[in-house]
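Asks: Make a model of this:
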Amino acid sequence: MSRPRPWTFIVLGLAFLAPAPAAAVPGAATEPVVPVLERAASPLATAEPGGDAGDLRPVGGAVGGAAVVGMGEATHGSHEFLTVKDRVFRYLVERRGFRTFALETAWSTGVRLDDYVVHGRGDPRRIMREDFQYTYALNNTAENLALVEWMRAYNREHPGDPVRFMGDDWGYTGPDLYDRVTEYVARVRPELAPRFAELYRGLRPTVPSGVYQKAYLARPLAERREMASRTGRALKLLESLAPGGEAGRFAEVLRHATVIHQTATGYGFDFEDPRQVAEAMRWRDEVMADNVVWWRGHTGHRILLAGHNNHVGYEPEDPKVLPRTQGAFLRDRLGRGYVSIGLTFGRGAFKATDPAETHMLTHTVGPARPGGNEHTLDRVRHDRYVLDLRTVPGPARRWLGTARPTRSVGTAYPEERNEFNIALGRCFDLLIHLKRVRAVDLLPTA
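Replies: Numbering: from 1, shown residues only. So this is what the prediction gives:
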């Protein structure tokens, strides 16, 4: 097989040595479950945001009092997966008191976009163009921009109770975060400023984010680990400072330094070693969960967390590659305060690169093959619908508890594996199934 680039490897959750493809389960045994699923399904009128949200009441009821709701996607590059999340987020903001949208993207990008949605600072198109590169390129979409602009418009009307934007990932830390830490230190402890400048030497990006990520990975492992050692010392030094009369500001700066250290630590894994790759992926999901929990504690907000199915669910598609998911870590930390929603599709198109990651392409797939989860889900008569997997009747629950081939596409396609044996009822609390999807609308990169 062609070997993915190390950091792309972590982002996609692909197998370092791919096991045999998922075996099909005979389709005949699934037929009796279709009427049961159909009776339990709540149809969704549209996948697009805006308009009457009455059909989303089953989602709101199933979410209940959860503090964090994870919404997945079977591909990163399908329009409807993003617009459904946008639609659900608007509903949860207006009807359920949610106030933060968290995206599987860099923490520093979240800081920049949050400044825009709360204060109107910066240009979201420029922020997205500059930060959504390389491993995050599929975030640079018209769909995400529309969500950000809705959040800004909401905050103009509700300045005293704003919605917020956060990124939970560590794959890239932009220069703004380094500046926020060093400027804080220079203000409260100016004598330490030279020390922080030395500890962060060579880390603050001075080139485009995509170039920076590739160059960082090209450094020798020993050098990457030495850089992580320095960011760790900077974090400990900052932790030793008293917050004074601005505890909230200190907590934010301390988190920025924590994420800087997360980035350096993440790049310090040995991506030539399959065991290290698996450990890096497990660590990544734990870190993303920790960032979400920190944000929840710091803001008190209820959060909609957007990411790939393989991260927001409870069981990984391939435990040899990703031993434990962000969703499992969040359930450990929040218990019933975390609810996971998986998103699947029957057929359609999505954006993804070629396997060599040289070109972004539009890929189209036909109906799911018999024996797979999507084949049966497509037989339910609704074009799009939501299922509460926790309350479906017994026959459907047993069907949902059995692992079957299920599509899962990362940022590249085709890979040697794009189907995994997944038991939907063990991975998610709710499921939204869409019979058809189309490719996202990517924004210009220059």
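Asks: Hmm, Arg284 and Thr325 touching each other?
Replies: No: counting by Cβ atoms under 8 Å, Thr325 stays clear of Arg284, with 10.2 Å between them. In this view, the C-beta of every residue, glycine as well, is placed from N, C-alpha and C.
Asks: Have a look at the two and say which one is more surrounded.
Replies: Thr325 (31 against 22; other Cβ atoms under 10 Å).
Asks: And that one, what's its pLDDT?
Replies: On the pLDDT scale, Thr325 is placed at 98.
Asks: can you pull the contacts of it?
Replies: Residues near Thr325 by Cβ atoms under 8 Å, 6 or more residues apart in numbering: Asp285, Asn310, His311, Val312, Gly313, Tyr314, Glu315, Pro316.
Asks: How about the fifth one, nearest residue that isn't a chain neighbour?
Replies: Counting by Cβ to Cβ, 6 or more residues apart in numbering, the nearest residue to Gly313 once its immediate chain neighbours are dropped is Cys427, at 3.7 Å.
Asks: try the first one
Replies: With Cβ to Cβ, 6+ apart as the criterion, Asp285 has its nearest non-adjacent residue at 4.1 Å, and that residue is Gln326.
Asks: For that neighbour, the count of nearby residues, please.
Replies: Neighbour count of Gln326, defined by other Cβ under 10 Å: 31.
Asks: So it versus Gly371, what's the distance?
Replies: 29 Å (Cβ to Cβ, to the nearest Å).
Asks: Excluding chain neighbours, give the residue nearest to His382 in space.
Replies: Pro43 (4.1 Å).
Asks: partner residues bridging the one you found?
Replies: Judged by DSSP bridges, the bridge partners of Pro43 are Tyr385.
Asks: Going forward, the N-terminal residue is numbered 54.
Replies: Sure, I'll start numbering at 54, so the last one becomes Pro96.
Asks: Do you know the pLDDT at it?
Replies: 98.
Asks: and it, how many neighbours?
Replies: 14.
Asks: Is it correct that it is in contact with Leu440?
Replies: No: counting by Cβ under 8 Å, Leu440 is not a contact partner of Pro96; they are 10.9 Å apart.
Asks: re the thing from before, tell me the contacts of the residue nearest to Gly366?
Replies: Asn362, Gly366, Tyr367, Glu368, Gly380, Ser393, Gly395.
Asks: For Arg286, see how far away it is.
Replies: 39 Å.
Asks: hang on, isn't Phe324 packed against Ala331?
Replies: No: in this structure, Phe324 is not within contact of Ala331 by Cβ under 8 Å, at 11.0 Å.
Asks: And the next helix or strand past the helix or strand of the chain with the lowest mean pLDDT?
Replies: Of all helical and strand segments in the chain, the minimum by mean pLDDT, DSSP states H and E falls on helix 59-65, at a mean of 43. Sequence-wise, the next helix or strand downstream of helix 59-65 (DSSP states H and E) is helix 86-93.
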